[in-house]
Each structure stands twice: as C-alpha cells, then as structure tokens.
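K.L.:
Here's a sequence, model it:
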Amino acid sequence: MDFYTEVLLELMAAMGAALFVANALALVRRRSDARQAARDAVTKGRPGSPVRKQARLATTGTLAQAPLARTVTFMLLGLVVAIWGIASLTT
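P.N.:
Below is the predicted model of the structure:
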C-alpha cells in the first residue's frame, strides 16, 4: 500500500468517526436544546421584548433540536464508514 492510499483510508476512518461522534453529541444534547429553544421562544414572544424584531428576521434556518431520524441515520452512516476505513487499513 502506498502513502497516498494509506492517508486516504485514514481520512475516511477519521471522517466516519467524526460524523458518528458529532451526531451522538447532538443526540445527547437534544433535550437541553429543546429546553433552551422553549426558553428563547418565551423571551422573544413577550410584548416589548428588544429581541422580538430580531427573532422575526433571523429564525428561518435554525432547528430547536436535532431531528431524531436524521441524527440516527447519520450516526449509522458514520459508524459504517469508520469501520470500513479501519478494516481497509488493517487488511
């Protein structure tokens, strides 16, 4: 195995592991993110709130919490890629 092939396999294993760990962290933080979003919604919804106008302008691309099905799917995908990369490195 040459140097470039080995580096690419290591990168594949690292990217798969990073995808798995990041989505696992999002799954763990899911409940606290929902609580924080609810707290922010109450603050932004009060009459006379200074952030009320900002909330209307910039809330289109944010999620209150990580979607469960997508997070688990990406975790499984990361696990498969990481195992595949490690298996390719060891053979």
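K.L.:
Could you report the separation of residue 21 from residue 33?
P.N.:
For residue 21, the distance to residue 33 (Cβ to Cβ, to the nearest Å) stands at 17 Å. All C-beta atoms are positioned from the backbone trio N, CA, C, and that covers glycine.
K.L.:
okay, which residue is most central for the chain?
P.N.:
residue 23 (4.4 Å; Cα atoms, centre = their mean).
K.L.:
That one: which element?
P.N.:
helix 3-28 (DSSP states H and E).
K.L.:
Am I right that residue 13 is in contact with residue 87?
P.N.:
No - at 9.0 Å, residue 13 does not count as touching residue 87 under the criterion of Cβ atoms under 8 Å.
K.L.:
Pick out whichever of the two has more residues nearby.
P.N.:
residue 13 (19 against 11; other Cβ atoms under 10 Å).
K.L.:
quick one: pLDDT of that one?
P.N.:
pLDDT for residue 13: 97.
K.L.:
Contacts only, for it.
P.N.:
The contact partners of residue 13, taken as Cβ atoms under 8 Å, 6 or more residues apart in numbering, are 81, 82, 84, 85, 86, 89.
K.L.:
Now it: closest residue in space that isn't a chain neighbour?
P.N.:
residue 85 (3.0 Å; Cβ to Cβ, 6 or more residues apart in numbering).
K.L.:
Now the two most distant members of the contacts of residue 13.
P.N.:
For the contacts of residue 13, with distances taken as Cβ to Cβ, the pair at the greatest spread is 81 and 89 (12.6 Å).
K.L.:
Show me which of those two is the more surrounded one.
P.N.:
Between residue 81 and residue 89, counting by other Cβ under 10 Å, residue 81 is the more crowded of the two (19 against 14).
K.L.:
Now that one: phi and psi?
P.N.:
Note on residue 81: backbone dihedrals following degrees, to the nearest 10 are phi -70, psi -40.
K.L.:
Now do it against residue 31, distance only.
P.N.:
27 Å.
K.L.:
how about low-confidence regions in the chain?
P.N.:
41-63 (pLDDT under 70).
K.L.:
How about the contacts made by the residue nearest to residue 13?
P.N.:
Here residue 85 is in contact with 9, 10, 11, 12, 13, 14, 15, 16 (Cβ under 8 Å, 6+ apart).
K.L.:
Sweet, I'm off.
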